[in-house]
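Trainee: Okay, predicted coordinates and the sequence, questions at the end:
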Amino acid sequence: MISIGRWIMTAPLVRRTVRDGVAVLRLADPDRRNALSKQLSDDLAEAVGNALAQGARALVLTAEPPVFCAGGSLAGLLSREVPLARMYAGYQALAEAAVPTVAAVGGPAIGAGVNLPLACDIVIAAESARFDPRFLDAGIHPGGGHLWRLARRVGPQGAAALVLCGDALTGREAAERGLAWRCVPDGEVEETALELARRAAGRPAALVRRTKWTLRESLALDDPAEAAALELAAQQWSVEQPEFVEIVTRLHERISGRSGSVRE
């Protein structure tokens, strides 16, 4: 916090860098274990919005060690100065982002801190990661769609074990049960997440956005025929885009070149 005369400026609790179409959003309040205060949540929402405005085509969420996120601020919960609904701005911004989002979890994610990786499309967990909802231990019901998102990753039984019974998952266990896509050594977690984000950012931006939207919409469908129709409409749109012919032409030329080399 910086004081200038009678004005007080609060330093952002989320640092943002954008390079080659990939934005890295880093929770930067390690002294409070990156707890989800209203300021951190608001700063995260602002960082997401600014990154997208800068043209980011993929987002990576990470945090200053050793704790990824210690959950909701207990002082804030006790004071109740801020309505609960206003505490989810950062989480909602991540969940609603139209571009691919990857969480690089390099330490414990506790309570509402688990919401942040759950809001991302892909989770890369370090071996030292720990996913521990722990809401009930603090006497509070899960919020922000936590139960819905958690059950979609680990199933109703897994959500019950984690939330109702106080179980927790290591990074390795999270990958085995579907909460994380991959578990990697601690020193590789951020680079692994960045590699995935770079791949997404290197593809046609409009096509990636449309495909992510279709994926989300199809998950709400029960009829495979409706899902196929949804994909067909998007596929038809994709072949009508200017870059489609360019991409397929380059691919065809590359494959033809390889075939020619083999024949020789």
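Mentor: Yep, it's here.
Trainee: Where does the prediction get shaky in the stretch 151-264 of the chain?
Mentor: Across the stretch 151-264 of the chain, the ranges flagged by pLDDT under 70 are 258-264.
Trainee: change it to 90
Mentor: Applying pLDDT under 90 to the stretch 151-264 of the chain flags the ranges 242-264.
Trainee: So which residues of it form helices?
Mentor: Ranges of helices within the stretch 151-264 of the chain are 171-177, 189-201, 205-218, 224-239, 242-263, based on DSSP state H, counting those that start in this stretch.
Trainee: Please spell out which residues along the second one are buried.
Mentor: Pointing back at helix 189-201 there. When neighbours are counted by 16 or more other Cβ atoms under 10 Å, the buried residues of helix 189-201 are found to be Val189, Glu190, Thr192, Ala193, Leu194, Leu196, Ala197, Arg198, Ala200, Ala201. (C-beta placed from N, C-alpha, C; glycine too.)
Trainee: Can I get the helices of the stretch 151-264 of the chain in CSV including distance to Ser37?
Mentor: CSV is the format used below for the helices of the stretch 151-264 of the chain (distance: least, Cβ to Cβ, whole Å):
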stretch, distance to Ser37
helix 171-177, 25
helix 189-201, 23
helix 205-218, 29
helix 224-239, 39
helix 242-263, 43
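Trainee: and Ser128, helix, strand or coil?
Mentor: coil (DSSP: H, G, I helix; E, B strand; the rest coil).
Trainee: Tell me who's in contact with it.
Mentor: Taking Cβ atoms under 8 Å, 6 or more residues apart in numbering as the definition of contact, the neighbours of Ser128 are Gly106, Gly107, Gly171, Asp186.
Trainee: What score does it have for pLDDT?
Mentor: In this model, Ser128 is scored at 97, pLDDT.
Trainee: And it, how far from Pro108?
Mentor: For Ser128, the distance to Pro108 equals 8 Å [Cβ to Cβ, to the nearest Å].
Trainee: dump the residue contacts of the most centrally placed residue in the chain.
Mentor: Nearest to the mean C-alpha position of the chain, by Cα atoms, centre = their mean, lies Cys120 at 2.2 Å. Remark: with contacts taken as Cβ under 8 Å, 6+ apart, Cys120 is in contact with Leu59, Leu61, Leu94, Thr101, Val102, Ala103.
Trainee: cutoff 6 Å now
Mentor: Contacts for Cys120 (Cβ atoms under 6 Å, 6 or more residues apart in numbering) come out as Thr101, Ala103.
Trainee: Pull the number of nearby residues for Gly139.
Mentor: Using other Cβ atoms under 10 Å, Gly139 has 7 neighbouring residues.
Trainee: In contact with it, which residues are there?
Mentor: Under the contact definition (Cβ under 6 Å, 6+ apart), no residues are listed for Gly139.
Trainee: Show the pLDDT at it.
Mentor: pLDDT, the model's per-residue confidence, is 93 for Gly139.
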